[in-house]
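Participant: I would like to see how this sequence folds:
(2 chains)
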Amino acid sequence: MSTECKRFRAALEDAAGGPPERLAALADDAHVRACDACRRELARERGLERLLDAVPAPEAPAGLSRRVLAALASERSAAAAREHDHEHDAAEGERELDELLARVPAPVVPAGLAARVLAGLAPVRAPRATRPVSLRRLVLVAAVVLVALGLWAWTKQRARREEAQLVDQSDAALESDEELLAYTVERWELLHDEDLDVWLASLDPVDELLIDEYADGDGWIDGAVAPAPRSEEGQR
Amino acid sequence: MPASEDGLPLEARTIDPGVAWMLRYQRGDERAFDQLVESYSPRVFALVTRFLGPAENREDLVQEVFLRVIRARAEYRPEARFSTWLYRIVFNLCVNENERRKPGPSMDAAREETRESWEDERAPAPGAALEREDLVASVRAAVAALPDRQRMALVLAKYDGLAYDEVARVLGTSEKAVKSMIHRARESLRALLSGFLEEEVA
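Facilitator: Next up is the predicted model:
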């Protein structure tokens, strides 16, 4: 089945069972004019539609509504009565409940209750502004504040001192590092000279002139070739 | 969209008087129930007939449908067209009735029975050929042979003009399932009525 056939069959499936004009509209589809199989399929669906249309619509017998209403009359009155009863019962229930609640005796109030309640509430109700401020409490608060301030200042000062110490230590460490470096460089040059002496000692005696010249501080003669290490033959 | 005092969009009340009547009945207007019965009982009768065939107790079933409307009065909610809600009651009653009447007849026996029992119904036009009588009886028998849900889906979509989503509400299923049901129903009908179809196509 080609893609076009599949598309048409899907459209046919959608239209079949819906309003008849949708099925009729498919006859104008370009594909259906070219494809025999799809044309036959559409014809079958339309044929089935005609067969279903051939069945006459059932007609309700005359007086149906009247008979149905008559048959339901008793049920409707019963339902209405039930509803009325329900409403009546609900109202009656409310009334009975009200009566029952009304029969509950009111509690006896002891004499002088209000006066006692007011007396009990007096300290709470007294305005705050008129209450005397305790001097001891004031001194205590001031002391706590002072101690806190002192602690804060001491902590700050200590931190500053520790910082200065760290800077000094760092400077001292730097100085000692410089000394160590100078010593190392000096030692290194010394070591280098010692190595040079060992190396020079290994040269052929023929090159000694050159070595002397170098040792005299004039450096190498222009154009002269650097001395090669002594060969094994020379050693022998 | 402006809403009515029932809380229902005005448009819905205008398009579907069934909803408006049912809401009025819910508030205690008994005349609205009369209007519902007068307007919908012929449709309910036709649907029951299409589904069950010319059963003798169809009128009792119509009464039963409206009895259930009375009893469901308090719970009714206008969520769809009134007919969709009403047809759901019809479908449930019809399926129960069908269960009660089982086992069903075979296709051939059904055709014979259909031809005989439908005699008192509206017959084909006077002078119509015997073939046409046979055709109508065969189509009725083929529809009667479909499974309950396929039959109701086909009848609602084809004869009551319900859209697939409305059929789905009646049957309590999805729109996709309804489409599939109708497709299978039509395939079965095409197979059962192939003799008539070849003539139609030719």
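Participant: what's the offset of the top helix by length along chain A from the middle of its chain?
Facilitator: For chain A, the helix with the greatest residue count under DSSP state H is helix A:135-201. Using Cα atoms, centre = their mean, to the nearest Å, the mean C-alpha position of helix A:135-201 is found 46 Å from that of the whole chain.
Participant: just stretch B:161-178 next, same as before
Facilitator: 13 Å.
Participant: and if you look at stretch B:16-36?
Facilitator: Worked out by Cα atoms, centre = their mean, stretch B:16-36 lies 22 Å from the chain centre.
Participant: Okay, buried residues for that stretch please.
Facilitator: In terms of neighbour count (16 or more other Cβ atoms under 10 Å in any protein chain shown), stretch B:16-36 has its buried residues at B:16, B:18-26, B:32-36. All C-beta atoms are positioned from the backbone trio N, CA, C, and that covers glycine.
Participant: Please identify which of the residues you listed is nearest to residue A:38.
Facilitator: Nearest to residue A:38 out of the buried residues of stretch B:16-36 is residue B:16 (Cβ to Cβ; 38.9 Å).
Participant: For residue B:85, which non-adjacent residue is closest in space?
Facilitator: residue B:76 (7.2 Å; Cβ to Cβ, 6 or more residues apart in numbering or on different chains).
Participant: What is the three-state secondary structure of that neighbour?
Facilitator: With DSSP: H, G, I helix; E, B strand; the rest coil as the basis, residue B:76 sits in coil.
Participant: dump the residue contacts of it.
Facilitator: Taking Cβ atoms under 8 Å, 6 or more residues apart in numbering or on different chains, we find residue B:76 in contact with B:22, B:23, B:26, B:85.
Participant: what are the phi and psi values for it?
Facilitator: Main-chain torsions, residue B:76, degrees, to the nearest 10: phi -60, psi 130.
Participant: correct me, but residue A:47 touches residue B:197?
Facilitator: Yes - judged on Cβ atoms under 8 Å, residue A:47 makes contact with residue B:197 at a distance of 4.7 Å.
Participant: re earlier: quick one: the residue nearest to residue B:85 and chain A, what's the gap?
Facilitator: When distance is defined by Cβ to the nearest Cβ, to the nearest Å, residue B:76 is 14 Å away from chain A.
Participant: List the contacts of the most centrally placed residue in chain B.
Facilitator: Chain B has residue B:47 as the residue nearest its centroid, 3.0 Å off, counting by Cα atoms, centre = their mean. By Cβ under 8 Å, 6+ apart, residue B:47 lies in contact with B:87, B:90, B:94, B:155, B:156, B:160.
Participant: And chain A, split by domain according to the record?
Facilitator: Split into domains by automatic domain parsing, chain A comes to A:3-53, A:137-191, A:203-235.
Participant: so which of the ones you listed comes closest to chain B?
Facilitator: Closest to chain B of the domains of chain A is domain A:3-53 (Cβ to the nearest Cβ; 3.4 Å).
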